[in-house]
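Student: Sequence and predicted model, in that order:
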Amino acid sequence: HIAGFGYLADQVNKYAEKYQNIIWYGRVSYEEAIKLESSCDIMPALYDPKNRNNRFAAPNKFYEALLLGKPLLMAKGSGMSEYVNEYGLGAVTSFEDFAGGLNQLAGMRDIWPSIAEKGKKLYDEKFSWAVMEKRLIGLYEDIM
C-alpha cells in the first residue's frame, strides 16, 4: 500500500498496474495517510540522503511511525536515521538497498511489539506536541 507523490509516482503506479500485491493511492489527505499508515505493518521513510534537505530534515514519517507504534525502515544518513539505530526502532539501510532493508526488518518481526512500545514512549517523551510546544516556546523566549 503506497500513497504519495513525487518523482517516483509514475514508476510506482506502473508497478501497481502490473502487480496485484501493490496498491497505489496517489496523493491523499493527511487524515487518509494516517489511517492508511495505522493499518500497515511497517513505516518506510526512505528519503534520499543525496538530497541536502533530506539529510537535515525531520521527516513526518518518522514521527508518525513513533506515534502509531510502527517499525521504521529508514535510509542511512537521512533525517532521523540515527534515532532508529540508537533506540532500536527498526532497520536502517542504504537508500539504494530498499529490498535488503525490508528483508532485515522482516527478520525482526518477533520484536516489532517491543519496537512499537519504544517508539510510542519516545514519541511521548521527546516528540509529542506537548513536548515540542514547550521547546518552541523556550526557543522563542531565548531569542526575545
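Tutor: That came in fine, so what should we check first?
Student: List the contacts of the least confident helix or strand in the chain by mean pLDDT.
Tutor: Using mean pLDDT, DSSP states H and E, the weakest-scoring helix or strand in the chain turns out to be helix 52-56, at a mean of 75. Contacts with helix 52-56, where a contact means CB atoms under 8 Å, 6 or more residues apart in numbering, come from 47-49, 75, 77-79. Bear in mind the C-beta positions are built from the backbone N, C-alpha and C, glycine included.
Student: try 10 Å this time
Tutor: For helix 52-56, the external contacting residues (CB atoms under 10 Å, 6 or more residues apart in numbering) are 45-49, 59, 75, 77-79, 81, 95.
Student: what does stretch 131-144 give?
Tutor: For stretch 131-144, the external contacting residues (CB under 10 Å, 6+ apart) are 63, 123-129.
Student: Spell out which residues sit in contact with A91, please.
Tutor: 42, 44, 71-74, 76, 81, 84-85, 100-108, 115.
Student: could you redo the last one with a cut-off of 8 Å?
Tutor: A91 neighbours (CB under 8 Å, 6+ apart): 71-74, 84, 101, 104-105, 108.
Student: Most neighbours among those residues, which one?
Tutor: Ranked by neighbour count (other CB atoms under 10 Å), the contacts of A91 have M74 at the top, with 30 neighbours.
Student: burial count for the residue nearest to that one when sequence neighbours are not counted?
Tutor: Take M74 and drop its neighbours on the chain: the residue closest to it by CB to CB, 6 or more residues apart in numbering is S81, 4.4 Å away. Other residues lying near S81 total 24 when counted by other CB under 10 Å.
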